[in-house]
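Peer 1: Make a model of this:
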Amino acid sequence: MPRTKLNIRKRKKDRKEGRLRNGRKNSCTVSEAARQWLPVVALKVKPSTLAAYEAMVRLHICPQLGHMGFKQLSATEVSVFAQEKLKNGRTDGKGGLAPKTVCDILTVLKSIIDFAVGEGYIDNAIKVVYPKHQQKLMRVLSRAEQSALEHVLLENPTIYKTGILLCLYTGLRIGELCGLRWEDFSPDFEKLSIRRSVRRMSAGDGDKRTELTLNTPKTKASLREIPIPKFLSPMLGSFASGAGAYFLSTPERRMIEPRTMQNHFKRAVNEADIPSANFHCLRHTFSTRCIEADVDIKSLSEMLGHTSVNITLNRYACVKHGQPILFEYFLIPNCLPKTTHNTI
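Peer 2: Take a look at the predicted model:
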């Protein structure tokens, strides 16, 4: 390049910018990169997902790795961090985190590292090794357990018991149930629309640690319509309230906590003498009974709000087929006329 005044000035500018980039690369810590990464990822994810990311950064990543510059951070340091979380990672000091939780934290850390590479804080991505973890076995109510639970729910029914039955026969998630309004039901209570979901999520670093939020459902596929078995229609009609009111609500007509429904379910399960069952097992039980009844897998996937049929197949196709049964009955033939032949 000729040594003109303009070119000399340009070379000096390039060298200065190179020194600035190197200085930023050497001085940026994991905490600083995480703070810059969060507003960027906020544009791509739901508020509930962002709150989970913020909690992982605040409670796990920053306390142990936040002070490190990217020159100090290595694959070995990341592995030591993961092992420590598996052994003693709970914030209450009562042991280690589940492998799945550690994998989620490492996924966030890897995204921060990739962001740092893109910003020039580090030349090459650091290898992140995820701990092995087995997917939890689905808890599905046996036919005897389902029959016992239904007996409890149908005896002296309340709006909460009806909500549990609704989940058992539609596969609703607990947050979707808590977000239902009466206007989401068709006038004849033959179908319902899922438009929102309730979740308690982190509120940040203030004194108020969590807050109850109302958002859109988990994915776009979760925005759906679901048919309701006919035997539930008169039960739902007996509790119906005005437009705008929540299907389940507090005395002040506000949406209820998902934990409140978990407590109602726990009481019903205890009364039915069913061991070790959580609320989500209602969704698994619904799906399993549909598979046993030879319900079309595409229709089942849409009712569950899965983003693809493959998710439904991978999760439930291993269910052993028994004798086909009518969807509307499952285990309560005495509650319905035996001449009915409606199926989904």
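Peer 1: Just give the nearest non-adjacent residue to residue 190, would you?
Peer 2: Nearest-residue entry for residue 190: residue 228, 5.8 Å, with adjacent residues in sequence omitted and distances by Cβ to Cβ, 6 or more residues apart in numbering. In short, each C-beta sits where N, CA and C put it, glycine included.
Peer 1: For that neighbour, give its distance to residue 165.
Peer 2: Counting by Cβ to Cβ, to the nearest Å, the gap from residue 228 to residue 165 is 10 Å.
Peer 1: What's the local residue count around residue 210?
Peer 2: Other residues within reach of residue 210 by the criterion other Cβ atoms under 10 Å amount to 13.
Peer 1: same thing with residue 162?
Peer 2: When neighbours are counted by other Cβ under 10 Å, residue 162 registers 19.
Peer 1: Now do the same for residue 204: its pLDDT.
Peer 2: According to the model's per-residue confidence, residue 204 sits at a pLDDT of 60.
Peer 1: Repeat that for residue 137.
Peer 2: In this model, residue 137 carries a pLDDT of 77.
Peer 1: element containing it, please.
Peer 2: With elements delineated by DSSP states H and E, residue 137 resides in a region that no helix or strand encompasses.
Peer 1: next one: phi and psi at it?
Peer 2: Residue 137 adopts backbone torsions of phi -70, psi 140, taken as degrees, to the nearest 10.
Peer 1: can you count the residues close to it?
Peer 2: 7.
Peer 1: How about the one 10 residues further on?
Peer 2: Taking other Cβ under 10 Å as the criterion, the count of residues near residue 147 is 14.
Peer 1: does it belong to a helix or a strand, and which?
Peer 2: Counting by DSSP H and E, the element that carries residue 147 is helix 143-154.
Peer 1: tell me the mean pLDDT over that helix?
Peer 2: Over the span of helix 143-154, the pLDDT mean works out to 95.
Peer 1: Number the residues from 57 up from this point.
Peer 2: Understood, numbering begins at 57; the last thing we discussed is helix 199-210.
Peer 1: buried residues in the following helix or strand past that helix?
Peer 2: Scanning forward in sequence from helix 199-210, with DSSP H and E defining helices and strands, the next element found is helix 215-226. Within helix 215-226, the residues that qualify as buried are 216-226, counting by 16 or more other Cβ atoms under 10 Å.
Peer 1: For the residue nearest the centre of the chain, which three-state class applies?
Peer 2: Within the chain, the residue whose C-alpha comes closest to the C-alpha centroid is residue 274; the distance, by Cα atoms, centre = their mean, is 6.7 Å. In terms of secondary structure, residue 274 is coil; the call rests on DSSP: H, G, I helix; E, B strand; the rest coil.
Peer 1: dump the residue contacts of it.
Peer 2: For residue 274, the contacting residues are 229, 253, 361, taking Cβ atoms under 8 Å, 6 or more residues apart in numbering as the criterion.
Peer 1: mind running it again at 10 Å?
Peer 2: With contact set as Cβ atoms under 10 Å, 6 or more residues apart in numbering, residue 274 has these partners: 102, 104-105, 229, 231-232, 250, 253, 255, 361-363.
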